[in-house]
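Starting from these lines, generate the structure:
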Amino acid sequence: SKFSNMNKKYIQTISVILILLSLYSCDKKTDSIQSISLNSASSISETGFTAHWETISSDIQSLTLEIATDEEFSNIVKSSIINDLKFDHHTIDGLQGARKYYFRLNAKLPTGESIISNIKTVKTTYFSQVVTYQTEDGLTISGKLSYLNYNENPMPAVIFMHEMGVFVNNWNNSEVVDGLIAKGYAC
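Just a heads-up that it's a prediction; the model follows:
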């Protein structure tokens, strides 16, 4: 009975020590939480954008901003190393207009491990202007001309019309229109 009570106390003591050790190790992990969180893009243009982020870590060795055309990042089109880790934003240029891109941050730690941020999307813009024409019989025809402003070799123009009594809004923000503009067509 004495031996049994001693074993119980020994097991309880070991259990308390193990619990305290696990709590202590959890506290240590909490002190060195490492994460990167991407915010939305700003200054979006035909050829680029500015990515913004927040980091929670003191031991990131390097940051790389990766831009891809697919969510799996199998087709990375741009990769920029961020040399000054004090910055919380970076501007990317040299992209194509009217296209959807995915971007993320890849942080390298001294241990050789990587931390990958959340993934964000951005859609580059294109130039648009309202145009009006006066017909010979006095009718005014209005429309919106959209194209890539930087395109040196534009493709022919494609005209999108709406049915009688229907608004042109059916074509606004259409993937068909955006896809043609991305290929160099004026729409």
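
S40 is in contact with F49, isn't it?
No. Using C-beta atoms under 8 Å, S40 makes no contact with F49, being 9.6 Å away. Just so you know, the C-beta spots here come from the backbone N, C-alpha and C atoms, and that holds for glycine as well.

Look at these two and report which has more neighbours.
F49 (24 against 11; other C-beta atoms under 10 Å).

Can you pull out the low-pLDDT segments for this structure?
Across the chain, the ranges flagged by pLDDT under 70 are 1-7, 20-34, 57-58, 167-169, 173.

quick one: the strands in it?
Residue ranges of the strands in the chain, as given by DSSP state E, are 35-38, 49-56, 62-68, 76-82, 89-92, 100-108, 114-116, 120-123, 127-134, 140-147.

Looking at the ones you listed, which is nearest to H162?
Proximity to H162 (C-beta to C-beta) singles out strand 140-147 among the strands of the chain, at 10.2 Å.

Number of residues surrounding the nearest residue to S40 once chain neighbours are set aside?
Once flanking residues are discounted, S40 sits nearest to K120: 6.6 Å by C-beta to C-beta, 6 or more residues apart in numbering. Using other C-beta under 10 Å, K120 has 19 other residues around it.

quick one, what contacts K120?
Contacts for K120 (C-beta atoms under 8 Å, 6 or more residues apart in numbering) come out as L38, N39, S40, A41, A51, Y102, F103, R104.

can you pick the most crowded of these?
Neighbour counts for these (other C-beta under 10 Å) peak at A51, which has 26 neighbours.

Give me the distance between the closest residue to S35 other than its chain neighbours and E163.
Nearest non-adjacent residue to S35, counting by C-beta to C-beta, 6+ apart: I56, 4.9 Å away. Here the criterion is C-beta to C-beta, to the nearest Å. By it, I56 lies 54 Å from E163.

who has more neighbours, these two?
Between I56 and E163, counted using other C-beta under 10 Å, I56 has the larger neighbour count: 12 against 8.

about what we covered before: among the contacts of K120, which two are most distant?
Across those (C-beta to C-beta), the longest gap, 14.9 Å, separates N39 and Y102.

ok, what's across the strand from the residue nearest the centre of the chain?
Nearest to the mean C-alpha position of the chain, by C-alpha atoms, centre = their mean, lies K120 at 2.4 Å. Beta bridges link K120 to F103 when assigned by DSSP bridges.

same question, H52
H89.

ok, it - contacts?
Neighbour list for H52: L38, N39, S40, A41, S42, D88, H89 [criterion: C-beta under 8 Å, 6+ apart].

What of S174?
Contact partners of S174, counting by C-beta under 8 Å, 6+ apart, are F160.

With M155 instead?
Here M155 is in contact with L180, K183, G184, Y185, A186 (C-beta under 8 Å, 6+ apart).
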